[in-house]
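S.K.: Just the structure for this:
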Amino acid sequence: MGKDSKQKDAGGKGKGKQTGGDENASKGKGKAGKSSDGLGTCTYVKARHILCEKQGKINEAYKKLQDGWLDSGDKVPPAEFAKVAAEFSECPSGKKGGDLGWFPRGKMAGPFQEVAFNTLIGATSAPFKSTHGYHIILCEGRKN
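M.R.: This is a model prediction of the structure:
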């Protein structure tokens, strides 16, 4: 209950221009409403992420992204996201700036896949929880 409200609060703060519509698209409009940008229809996504075991740490990373770019409505440049990932991420990919490369639909589990495939190219997701911990995703590309 508390986690969901925090996620929604974080998602709405400074990011409405970037990912607010795609969250609704995954639940409402689906494939038909977003086919031009590949949301819900692409086969592969290229992404970076930050993974933290504790919610407080992922919120700290997200705040750093907000203070630099998201509060002003800007998209986080991949190089800058990579610096924050290297500083905060507890995933081995953190050493590579959180780079996960290209991965197909079905490779990542549950909420991670849903967020990765429903985040606009160049946009940063709000923090969310998976079975591995708390994540922030930067979508860098999509293809079929």
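S.K.: Could you double-check that residue 45 sits in contact with residue 138?
M.R.: No: applying C-beta atoms under 8 Å as the test, residue 45 and residue 138 come out as separate, 10.8 Å apart. Placement of C-beta: from N, CA and C, glycine included.
S.K.: ok, the two, which is more surrounded?
M.R.: Between residue 45 and residue 138, counted using other C-beta atoms under 10 Å, the more crowded position is residue 138 (30 against 27).
S.K.: hang on, the more buried one in a helix?
M.R.: No: under DSSP: H, G, I helix; E, B strand; the rest coil, residue 138 sits outside any helix and is assigned strand.
S.K.: So which residues of the protein form strands?
M.R.: In the chain, the strands defined using DSSP state E lie at 44-52, 99-104, 128-130, 133-143.
S.K.: can you list those in a markdown table and add distance to residue 87 and mean pLDDT?
M.R.: Compiled in a markdown table, the strands of the chain are given as follows (distance: least, C-beta to C-beta, whole Å; pLDDT from 0 to 100):
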| stretch | distance to residue 87 | mean pLDDT |
| --- | --- | --- |
| strand 44-52 | 9 | 97 |
| strand 99-104 | 15 | 97 |
| strand 128-130 | 20 | 96 |
| strand 133-143 | 12 | 96 |
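S.K.: Out of those, the one nearest residue 70 is which?
M.R.: strand 133-143 (10.4 Å; C-beta to C-beta).
S.K.: Which positions within the longest helix along the chain qualify as buried?
M.R.: In the chain, taking DSSP state H as the definition, the longest helix is helix 55-68. Of all the residues in helix 55-68, those buried under the rule 16 or more other C-beta atoms under 10 Å are 55, 57, 58, 59, 61, 62, 64, 65, 66, 68.
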